[in-house]
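# this one's structure only:
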């Protein structure tokens, strides 16, 4: 065996350096950050956050040049593809990462946590996500998934002297690894019955009716269940509230937005490129996951008293809305894809914004209890207006971004023109009403109630948080008015190969 | 549908002028309350001025056609257009909106409800104005939907922050009910988008353009699907009207809202629902409308009787007016349910009249509350002795509200009842004549509860509790300025109903589908023959 390996000359596949430039840029800066840590030790501390920001902004350059260039690129036998869709998702990951760095700057520095390692891990996790957007092969998807997950497990425990943070990380780790194992088993079944790891080959094989059918179906189900953990869909969401509550808030924001989006990107790659031929298996599964996630997520969110836990359950429900278009992929694949991409982009803006406000408020109240948001308007009107924008955007009230996201979802469901699509559309509509209750309740508390302790000191919000809130609020409003977002989410997923 | 396009910047300016004012106010520090009041009033006056230009410039000979049509792309990916236009159907309602808002701002000059914060209060009302005018000029379903929803947040916060004791409950209830309705409405809009066909070519339209969808009039949609789509819109608009049984948010919202909120809610917001029926639901799906008409008529007359009985049971003046709103909107819905041009004209008249009269009643309730610190009917009394002008105004407006001929309320109620005698198309005449009788009984009940209200609050001697209360003063200057236009218009529209009917009629006739009109005539001739 070894002799065989040694005798065959390794021929490097052709590499399109431009296509790989975003990943390489991130990798380079990540390495630089680590070297700085090794070389300068504590002296490098104050450069860590700026360097991480710079890394992410620099990564935007090749993404933009690739977008301007406009050619679809494919490498490694179709395992790595750069198309419009992947560029948009990459840009989203990088910008979301940038906002997370803004959120982290003061939090990590003031909390006396390790800084260089924090940003290094953050960058490698983002690298995994950026890679995921281009992956069209089971192996590259799995590698990207582990690359983004393992640093995230560590980041969740970053408040290492806090028991809850340890619990958060451990729970996330155990659940994540379990999900990976389930998924890997499903992937092996798919590979076993189709003979290829390349998604387009898998699709060709399953469309032909690769046998044994039971194995293919089981493979599909296990892979989807694995990602259902990642996107925290009901009933695989149980890690989310505890992890979100225990993890440092910027990491929670990162997990609830970027990590969830990466799960969706992987899911879309697999479903649209690899399993479109078996939409008869995928659709009912997605239907049930979507309906269960939004209903259960919303109902459980109603009872929360902690805003981070409320946002965690609201995240479960939002995952349900995003899964819904995948229940009609057979009928309207393009509309469904556009709907999920739109939802991911808008969700990233509004959810990051909500967490930014949570962090800003916690700087004064030192708490994330919903009761401590009472009377916020009296001492922090700006934060209140921002939080109102984010919460009601999450609820889907026009003209804020969230309504457009929900609109695209319902549009895809109705467009499918069958009973299951329409029924799921009604489920989405009814759920938006349930969800409004808990978002609006926080709204009333902030605007209409008295401050519990009568303490009217202003909140001291650092510049980086102001920037994060400003960016996300503007994006939320502009997308809600229908500008920009409509043009660039009109994408199609390239199979590669 | 005929279109004219001149001056098509006008709708845009009209809609966004209040929003521009609100943004301007955002730049002024919170402490300068006088500046905020002046800015808000000025903005609403500028909007009013634009509307005056609109009323002068409007081509009344062609009020059936959409004028000032703007039609450009907005969100291309979903096919939504930035389409706006004004015809005889929207004109009176735009007029009502732009008239009410400055008067509300005048009234607010010395009536800022607790807990203060003039800046936010005024800004929310200006955003409301943008949403309301936008709804009346939008000619694209998505644009309509967005404006329809834009009013939710400001009204929610007006009730939640500046409301009474139970404001949290009332505001959430208002918000949840209306959102539930509009979510289902959106599903119906999308179904129309995907299913409507061009009547000439039989091809899918795939458009949210309202004139185009009205032309298509349900062409090519299976009857059962039409019924379901209409059902979604029925709930969506019905919650907003509100019609029985979706009405329960209204008494709470009205009672808890600050005076300004109640006035805007009664004068304009409720009309968004009825306007939706006559602008969207009926012209788009005439066949389904005909099938649904008996149901709409039934909930309308239930609303009339239920609202009236509710009024008789109330002990709170504001709650009583709220229930009377349900009854009055019942008459409007009855007119709509007949699907005749006569009935729908009466409905639009009823909307304007109800807006003026009930808006005015809520103003009075607000002023009574301010003087007596209570609205409990039992404790009030002798207003004619203590504040005679206020008492007389209350008397005048209750007369208008119960439909006294010569005042505006009459022309909303009477033709609506009359129209039920002969509904359009194949709608059962026996049934609607039954509705007519019930509605007529409703007018008697209305006279009953309104006169009883007047008797208990205005007549008699002041109760011992308030006999020497120095707070109880007569109508103040700001109140006079805010109220006089209402009072004048109630008389003017009562004496000269043609002012509105002549504007609305061509547009209503235009909106009613051709085939429905012919079946209506066939039905009429059958009756004549038999």
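Alright, I've got the coordinates. Owing to the predicted nature of the structure, the values given are computational and were not obtained by experimental measurement. Numbering: from 1, shown residues only, chains lettered A, B, ... in the order given.
# interface residues of chain B facing chain A?
Residues of chain B lying close to chain A by C-beta under 8 Å from any C-beta of the partner chain are B:30, B:74-78, B:80, B:142, B:145-146, B:149-150, B:152-153, B:156-157, B:160-161, B:167-168, B:171-172, B:175-176, B:179-180, B:183-184, B:186-187, B:190-191, B:193-194. C-beta: built from backbone N, CA, C; applies to glycine.
# which SS class is residue B:206?
Here residue B:206 is recorded as coil under DSSP: H, G, I helix; E, B strand; the rest coil.
# burial count for it?
13 (other C-beta atoms under 10 Å in any protein chain shown).
# tell me the mean pLDDT over the longest strand anywhere in chain B?
For chain B, the strand that runs over the most residues, judged by DSSP state E, is strand B:67-75. What strand B:67-75 shows for mean pLDDT is 87.
# what comes up buried for it?
Residues of strand B:67-75 classed as buried by neighbour count (16 or more other C-beta atoms under 10 Å in any protein chain shown): B:67, B:68, B:69, B:70, B:71, B:74, B:75.
# tell me which two of the residues you listed sit farthest apart.
B:67 and B:75 (24.9 Å; C-beta to C-beta).
# can you show me the helices along the stretch 301-450 of chain A?
Using DSSP state H, counting those that start in this stretch, the helices of the stretch 301-450 of chain A run over A:307-323, A:333-365, A:376-379, A:381-395, A:401-415, A:419-448.
# does residue B:421 count as helix, strand or coil?
Three-state call for residue B:421 (three-state DSSP): coil.
# rebuild the helices of the stretch 301-450 of chain A as CSV, extending it with distance to chain B, mean pLDDT and mean neighbour count.
Putting these into CSV (distance: least, C-beta to the nearest C-beta, whole Å; pLDDT from 0 to 100; neighbours: other C-beta atoms under 10 Å in any protein chain shown) gives the following:
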stretch, distance to chain B, mean pLDDT, mean neighbour count
helix A:307-323, 12, 94, 27
helix A:333-365, 7, 91, 25
helix A:376-379, 8, 89, 20
helix A:381-395, 6, 93, 24
helix A:401-415, 4, 91, 28
helix A:419-448, 4, 92, 21
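# where are the low-confidence patches of the chain?
I went with chain A, as the question did not name one. Filtered on pLDDT under 70, chain A yields the residue ranges A:1-8, A:210-211, A:483-497.
# not what I meant, chain B
For chain B, the stretches flagged by pLDDT under 70 are B:1-7, B:513-530.
# just give me the residue closest to the centre of it.
Centroid-nearest residue in chain B, with C-alpha atoms, centre = their mean: residue B:271, separated by 1.9 Å.
# residues contacting it?
B:93, B:96, B:351, B:355 (C-beta atoms under 8 Å, 6 or more residues apart in numbering or on different chains).
# return a ChimeraX selection command for the buried portion of these.
Applying 16+ other C-beta under 10 Å to those, the buried members can be selected in ChimeraX as follows:
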select /B:93,96,351,355
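# tell me which of the contacts of residue B:271 is nearest to chain A?
Sorting the contacts of residue B:271 by how near they are to chain A, with C-beta to the nearest C-beta, puts residue B:93 at the top with 20.5 Å.
# surely that closest one and residue B:133 touch.
No - between residue B:93 and residue B:133 there is no contact under C-beta atoms under 8 Å: 9.1 Å.
# among the residues of chain B next to chain A, which are located in strands?
B:74, B:75, B:80.
# for the helix or strand that residue A:261 is a member of, packing partners?
Using DSSP states H and E, residue A:261 falls within helix A:260-268. The criterion is 3 or more C-beta pairs under 8 Å, 6 or more residues apart in numbering or on different chains; DSSP states H and E, and the helices and strands that helix A:260-268 contacts are helix A:84-110, helix A:116-134, helix A:138-156, helix A:213-230, helix A:307-323, helix A:333-365.
# contacts for that helix, please.
By C-beta under 8 Å, 6+ apart, helix A:260-268 touches A:89, A:92-93, A:96, A:128-129, A:132-133, A:135, A:141, A:144-145, A:148, A:224, A:227, A:230-232, A:315, A:319, A:322, A:326, A:337, A:340-341, A:344, A:347-348, A:493.
# number of residues surrounding residue A:371?
13.
# how about residue A:259, nearest residue that isn't a chain neighbour?
Leaving aside its chain neighbours, residue A:259 sits nearest to residue A:152 (5.7 Å; criterion: C-beta to C-beta, 6 or more residues apart in numbering or on different chains).
# what about that neighbour, distance to chain B?
33 Å (C-beta to the nearest C-beta, to the nearest Å).
# that residue against residue A:257, yeah?
No - using C-beta under 8 Å, residue A:152 is not in contact with residue A:257; the gap is 12.0 Å.
# this completes my enquiry, with thanks.
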